[in-house]
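>>> 3D, please:
(chains A, B, C and D)
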Amino acid sequence: MAGFDKVVNTYEEAMAGLEDGMTVISGGFGICGIPENLIKEIKKMGTKELTIVSNNCGCDGLGLGILLDDRQIKKMVSSYVGENKLFEEQLLSGVLEVELTPQGTLAEKMRAAGAGIPAFYTATGYGTDIAKGKDVREFNGRKYILEESIPGDFAIVKAWKADRYGNAIYRHTAQNFNPMAATAGKITVMEVEEIVEPGELDPAQIHTPGIYVDRLIQGTFEKRIEIRTVREG
Amino acid sequence: MAGFDKVVNTYEEAMAGLEDGMTVISGGFGICGIPENLIKEIKKMGTKELTIVSNNCGCDGLGLGILLDDRQIKKMVSSYVGENKLFEEQLLSGVLEVELTPQGTLAEKMRAAGAGIPAFYTATGYGTDIAKGKDVREFNGRKYILEESIPGDFAIVKAWKADRYGNAIYRHTAQNFNPMAATAGKITVMEVEEIVEPGELDPAQIHTPGIYVDRLIQGTFEKRIEIRTVREG
Amino acid sequence: MALSRDQMAIRIARELQDGYYVNLGIGIPTLVANHVPEGMEVMLQSENGLLGMGPYPTEDEVDADLINAGKQTVTTAKGASIFSSAESFAMIRGGHVDLTVLGAFEVDAQGSIASWMIPGKLIKGMGGAMDLVAGADNIIVTMTHADKYGNSKLLPECTLPLTGAGCIKQVLTDLAYLEIYDGKFHLVERAPGVSVEEIIEKTAGELVVPDHVPEMEF
Amino acid sequence: MALSRDQMAIRIARELQDGYYVNLGIGIPTLVANHVPEGMEVMLQSENGLLGMGPYPTEDEVDADLINAGKQTVTTAKGASIFSSAESFAMIRGGHVDLTVLGAFEVDAQGSIASWMIPGKLIKGMGGAMDLVAGADNIIVTMTHADKYGNSKLLPECTLPLTGAGCIKQVLTDLAYLEIYDGKFHLVERAPGVSVEEIIEKTAGELVVPDHVPEMEF
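Here you go, the predicted structure:
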């Protein structure tokens, strides 16, 4: 690697340095736009005691759900985790800890981590269990709670195309949490469907500027569909 | 206007409802990407006692600077105001009030206003005059100050192209403060170089979704250059 | 007679206005999209990052990268925009969505809502519901008036963990359309053939009943 | 002899590393871009929303919509990206820029910097300077060691309104390269032919001088 070329050639290189007990921020919504192969690599590495920050925990046999088999996850920070039997078992048996976080607050916590904002006020969750132990403050007659950012040791994201410098674009709603996750890792690893040369993407149309990306790898993706709904053609 | 068609045909319609004493958030950096014609309309309307939130105050004869002639501005919230003689005079004579705000904090205050975040912590300005009277709080051993969002009665922005629904894209660095300003107005007025039909812009490449835009008008722009620097061809 | 699910959706659709940006929750709220009045345009916001949700795709159009907040495959409508989750919730939290329709387990006379968790059962998470109820000014909650045992879901105070406190002003049940203010439920309309007495009986929270309660017409 | 402006830029350029994202302030910092070592790539961040700033345009290329933070017309380099001011300062505040180089009026032994305001003269504003010094970990301040009257600009405590408190660790003046830690200036290098005595004399803040102070080579 020289200059701004972020490309690595193996998934081993992509996830090198991930250690037991680290916090990993992941992009994806449900199993849409998830870094499938980076997650598989974490499974292969067998890293344990991970805190995973991701809107969901995948589903059986795909996405973050596969890290449950060998009990690699100590704690999930998510807004919705209801798609996984093993998850339920580990939660009820106390093997797994879950910090439920409203979806918009979760997205903003990731953004804040990347943007050097340690905390922000939001009305979301005020007066609910989520607010327990959190600072409450009134602005213009309304009450808000203080939410802190969530920085990660690693961030793992999935984009559609990126140039070798890591300037990336996402495809359709596979964007979701990926742009914020990309900013929130000490080391951000991005996998994409296609790597192009710098200059091929329009500078004004980049979703994630390469400055946030440390390692870039091209992969192939299963892209399973969670709920296939169709209408008559 | 029916459905999502935001197009108005005159600048009178575009700025209708602006009243003395209101707060106006404006896009633009220097005189790049400023809503030239919306500002001219405010001058024509003669609205007074305005609070203007904008990174700069234009320059002599262009941009927000033209609102100084008839003392239409009561207060400027800006990060840099050093391009205007009349500005200096009015500031020194006490006609004009200025709230200097660090550039990144200003951008984030606009974004926060649009995003329902009443306040956020930032390290920017801690230990300086900017921090006076503001809450200080420590996170992970570092001190931060609490900055509040700035919502506007009106937001005036300039984009390159927008469809009739107000979905807009910006050209080069004329983007600057415009996307955040667009989210921060009770009424957001956007002027553009070209209005296209819905469906012509790629949904994944929209900079400002139409939900933020209340009125849209097509105009022609002087686009003066503040500092023309060139190299040998 | 109690409203059918479709009738509930039809009644809610009457609250739509031309040019509304609308977020529809899962279940009955989703059905509202089928009943947008003729000549009216609304745009559907899906909180995973899509404004301008179109119908389900045909078999040929199915794309794993284009889903809605319910994780179903969808399409984009003309004039749609796609963005990040942070931008999507900036829209929601910032109050830019004109109408939010969502289901609930319970609503109380203070306008608090419980919709995401039943202790003892598995906790699945609140998803975007807490953001939606905190961010929107105009929310319609839709649910059955009472549970299958006949217990009222319109309570003096919610018994389940809250999704939001004091944020709900309108409820449509299978029996009635109600507004909430001044710490009370106010009966506005009743389902065709449903008596005011039945509504009173099935409303545990304080209920204000005007002299005349019009029947909904379908 | 005191360094020329270009020599100062050359000395700073030696702190660059291949693949650095760099924000250069107005004045001497801007000149650093002319001295990027052979075979090394750096990418310039301009805080108005451009990462990958290219050279000034030719007459034909001049575009009012493409300027830098100094409001000069510029071009984009290969692999550039353009974004909003909020995104730009997210980058800066979030510590993603590898090196920031900026000018100052004064720096003190606690690492505080004054660079934006001289009371009595007109207040022009801090622009992005407060964000830059708060956001970056790696900052080099560049300025003359003393003002034209010979008064030191490296002080026990800044006298002018601060841009940032306790955030500066490196200063390059026309006389010396210094580090700041433990509440003291530490002399690291001196300009060719400039004596340690002259530097001691012109440094008002506490200065630690090692036994050997190498001369810079050009």
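>>> show me where chain A has strands.
Remark: strands assigned in chain A by DSSP state E are A:23-26, A:50-53, A:73-78, A:97-100, A:119-122, A:136-139, A:142-148, A:152-163, A:168-169, A:185-196, A:215-218.
>>> what packs against the fourth one?
Put plainly, it is strand A:97-100. Under the contact definition 3 or more Cβ pairs under 8 Å, 6 or more residues apart in numbering or on different chains; DSSP states H and E, strand A:97-100 sits against strand A:73-78. C-beta coordinates here come from the backbone N, C-alpha and C atoms, glycine included.
>>> in its sheet, what does the strand it packs on sit against?
Strand A:73-78 pairs in its sheet with strand A:50-53 (parallel), strand A:97-100 (parallel), by DSSP bridges.
>>> interface residues of chain A facing chain B?
A:108, A:112, A:115-123, A:137, A:139-140, A:142, A:144, A:148, A:169-172, A:175, A:203-205 (Cβ under 8 Å from any Cβ of the partner chain).
>>> pLDDT below threshold where in the chain?
This is for chain A. Scanning chain A for pLDDT under 70 picks out A:1.
>>> that's the wrong chain, I wanted chain C
For chain C (pLDDT under 70), the answer is C:122.
>>> all helices for it, in order.
C:5-13, C:28-31, C:85-93, C:129-135, C:196-201 (DSSP state H).
>>> check whether the first one contacts chain B.
No. Contact of helix C:5-13 with chain B is not found when judged by Cβ under 8 Å from any Cβ; the minimum separation is 15.7 Å.
>>> list the buried ones in that helix?
C:Q7, C:M8, C:A9, C:I10, C:R11, C:I12, C:A13 (16 or more other Cβ atoms under 10 Å in any protein chain shown).
>>> need these in a markdown table (columns: distance to D:K169).
Converted to a markdown table, those look like this (distance: Cβ to Cβ, whole Å):
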| residue | distance to D:K169 |
| --- | --- |
| C:Q7 | 69 |
| C:M8 | 64 |
| C:A9 | 63 |
| C:I10 | 67 |
| C:R11 | 66 |
| C:I12 | 61 |
| C:A13 | 63 |
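>>> related to what we said a few turns ago, show me which of the residues of chain A next to chain B are buried.
Buried members of those, counted by 16+ other Cβ under 10 Å: A:108, A:112, A:115-123, A:144, A:148, A:169-172, A:175, A:203-204.
>>> so which of those residues reach chain D?
A:A115, A:G116, A:I117, A:P203, A:A204.
>>> the residues you listed in helices, which ones?
Using DSSP H, none of those sit in helices.
>>> return the member of those residues nearest to chain C.
A:A115 (9.9 Å; Cβ to the nearest Cβ).
>>> surely the closest one and D:G94 touch.
Yes. Using Cβ atoms under 8 Å, A:A115 is in contact with D:G94, at 4.8 Å.
>>> skipping adjacent residues, who's closest to the residue nearest in space to the middle of chain A in space?
Taking Cα atoms, centre = their mean, the centroid of chain A lies closest to A:S26, which sits 1.7 Å from it. Closest residue in space to A:S26, ignoring its immediate chain neighbours: A:S54 at 3.9 Å, by Cβ to Cβ, 6 or more residues apart in numbering or on different chains.
>>> let me know the outermost residue of chain C.
Max distance from the centre of chain C (Cα atoms, centre = their mean): C:D60, 31.6 Å.
>>> that one - nearest residue in space that isn't next to it in sequence?
A:G233 (6.6 Å).
>>> from memory the residue farthest from the centre of chain C sits against A:V230, does it?
No. Contact criterion Cβ under 8 Å: C:D60 and A:V230 do not qualify, at 9.3 Å.
>>> which ones are touching the closest residue to C:P29 other than its chain neighbours?
Taking Cβ to Cβ, 6+ apart, and ignoring the residues beside it in sequence, C:P29 has C:V101 as its nearest neighbour in space, at 4.0 Å. Residues counted as contacts of C:V101 (Cβ atoms under 8 Å, 6 or more residues apart in numbering or on different chains) are C:I12, C:V22, C:N23, C:L24, C:G25, C:P29, C:V32, C:I139, C:I140, C:V141, C:T142.
>>> got JSON lines for these, with distance to C:K169 too?
As requested, the contacts of C:V101 are exported to JSON lines (distance: Cβ to Cβ, whole Å):
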{"residue": "C:I12", "distance to C:K169": "14"}
{"residue": "C:V22", "distance to C:K169": "16"}
{"residue": "C:N23", "distance to C:K169": "16"}
{"residue": "C:L24", "distance to C:K169": "18"}
{"residue": "C:G25", "distance to C:K169": "16"}
{"residue": "C:P29", "distance to C:K169": "16"}
{"residue": "C:V32", "distance to C:K169": "18"}
{"residue": "C:I139", "distance to C:K169": "7"}
{"residue": "C:I140", "distance to C:K169": "9"}
{"residue": "C:V141", "distance to C:K169": "9"}
{"residue": "C:T142", "distance to C:K169": "14"}
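>>> in strands, which of the residues you listed fall?
Using DSSP E, these in strands are C:V22, C:N23, C:L24, C:I139, C:I140, C:V141, C:T142.
>>> number of nearby residues for the fifth one?
Taking other Cβ atoms under 10 Å in any protein chain shown as the neighbour definition, C:I140 ends up with a count of 20.
>>> same deal with the second one?
Residues lying near C:N23 (other Cβ under 10 Å) number 26.
>>> do the fourth one as well
Using other Cβ under 10 Å, C:I139 has 23 other residues around it.
>>> and it, what is it in contact with?
C:L99, C:T100, C:V101, C:L102, C:L132, C:V133, C:C167, C:I168, C:K169, C:Q170 are the contacts of C:I139 under Cβ under 8 Å, 6+ apart.
>>> so it bridges to which residues?
Beta bridges link C:I139 to C:T100, judged by DSSP bridges.
>>> surely A:K48 is in contact with A:E19?
No. The pair A:K48 / A:E19 is not scored as a contact, 9.5 Å apart, by Cβ under 8 Å.
>>> can you pull the residues of chain C lying near chain D?
Counting by Cβ under 8 Å from any Cβ, no residue of chain C is near chain D.
>>> ranges for the strands of chain C?
Under DSSP E, chain C gives strands at C:20-24, C:42-46, C:50-53, C:76-82, C:99-103, C:106-108, C:113-114, C:139-143, C:154-155, C:170-173, C:176-181, C:184-190, C:207-208.
>>> can you tell me which of those is most buried?
strand C:50-53 (a mean of 28; mean count of other Cβ atoms under 10 Å in any protein chain shown).
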